[in-house]
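*Asks:* build the 3D model from these lines:
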Amino acid sequence: MAYFLFLQFILLSAISSLAYILGQAVPPPPPTAATTPPSRAAQEFLDEHNKARAEVGVGPLTWSSMLAKETSLLVRYQRDKQNCSFANLSSGKYGGNQLWASGMVVTPRMVVDSWVDEKKFYNYANNSCIGDDKCGVYTQIVWKKSIQLGCAQATCSKGPATLTICFYNPPGNVIGEKPY
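*Replies:* Got it, this is the predicted structure:
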């Protein structure tokens, strides 16, 4: 019996030592990458969008660094290769809004406020714009199924002016659907 206990002790010690050695040999998992907070301009774009969405009871958007990179590439292309003209956003995989403005400092708040100003032309009951006015920029902002946002701006020598583009994922303004 003593011999059996001795073997059991040796076996448990060996297993314990092996577990300790293996535990030391395996490096700890890498630290989780911290999410980089959006820049001040990005946060302003996000806050202004989410303020408009909250007014109609729609949940907030989250900032997407991937969408911001996509818009940055597009807005720089439009500035450098297209003389700062509007981009064709209708054929993309994201929803999009854009603004071209000159003669003033163009802040994210000013951009989003100008888009949200189209709210007065939107008739929710009929899910349409009033008369010949446009309201699709506003409805994209408050589109309930859109959950991610990314925006970028470029200063253009033409004017001088600022071109702003925002992408939304998934895209909104689906024909036959209400935004919220």
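
*Asks:* check contacts around the nearest residue to Ala52 once chain neighbours are set aside.
*Replies:* Distances taken as Cβ to Cβ, 6 or more residues apart in numbering place Val116 nearest to Ala52, at 4.7 Å, with adjacent residues excluded. C-betas here are computed from N, CA, C, even on glycine. Residues counted as contacts of Val116 (Cβ atoms under 8 Å, 6 or more residues apart in numbering) are Glu48, Ala52, Tyr138, Ile141.

*Asks:* most neighbours, which of those?
*Replies:* Within the contacts of Val116, neighbour counts (other Cβ atoms under 10 Å) peak at Ile141, which reaches 29 neighbours.

*Asks:* quick check: the gap between that residue and Arg53.
*Replies:* 7 Å (Cβ to Cβ, to the nearest Å).

*Asks:* do the same with Tyr168
*Replies:* 11 Å.

*Asks:* also Ala152?
*Replies:* In this view, Ala152 and Arg53 are 20 Å apart by Cβ to Cβ.

*Asks:* list the contacts of stretch 68-78.
*Replies:* Counting by Cβ under 8 Å, 6+ apart, 38, 42, 84-87, 94, 150-154, 163-167 sit against stretch 68-78.

*Asks:* change it to 7 Å
*Replies:* Residues from elsewhere that reach stretch 68-78 (Cβ atoms under 7 Å, 6 or more residues apart in numbering): 42, 84-85, 87, 150-154, 163, 165-167.

*Asks:* could I get the CA-only coordinates of it as PDB?
*Replies:* In PDB, the C-alpha atoms belonging to stretch 68-78 read as follows (Å, rounded to 0.1, in the frame of the first residue of the first chain):
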ATOM      1  CA  ALA A  68     -13.500  56.200 -43.200                       C
ATOM      2  CA  LYS A  69     -10.600  54.800 -45.200                       C
ATOM      3  CA  GLU A  70     -12.800  54.100 -48.200                       C
ATOM      4  CA  THR A  71     -14.200  57.700 -48.100                       C
ATOM      5  CA  SER A  72     -10.700  59.100 -47.700                       C
ATOM      6  CA  LEU A  73      -9.500  57.300 -50.800                       C
ATOM      7  CA  LEU A  74     -12.500  58.500 -52.800                       C
ATOM      8  CA  VAL A  75     -12.400  62.100 -51.600                       C
ATOM      9  CA  ARG A  76      -8.700  62.300 -52.400                       C
ATOM     10  CA  TYR A  77      -9.300  60.700 -55.800                       C
ATOM     11  CA  GLN A  78     -12.100  63.300 -56.600                       C
END
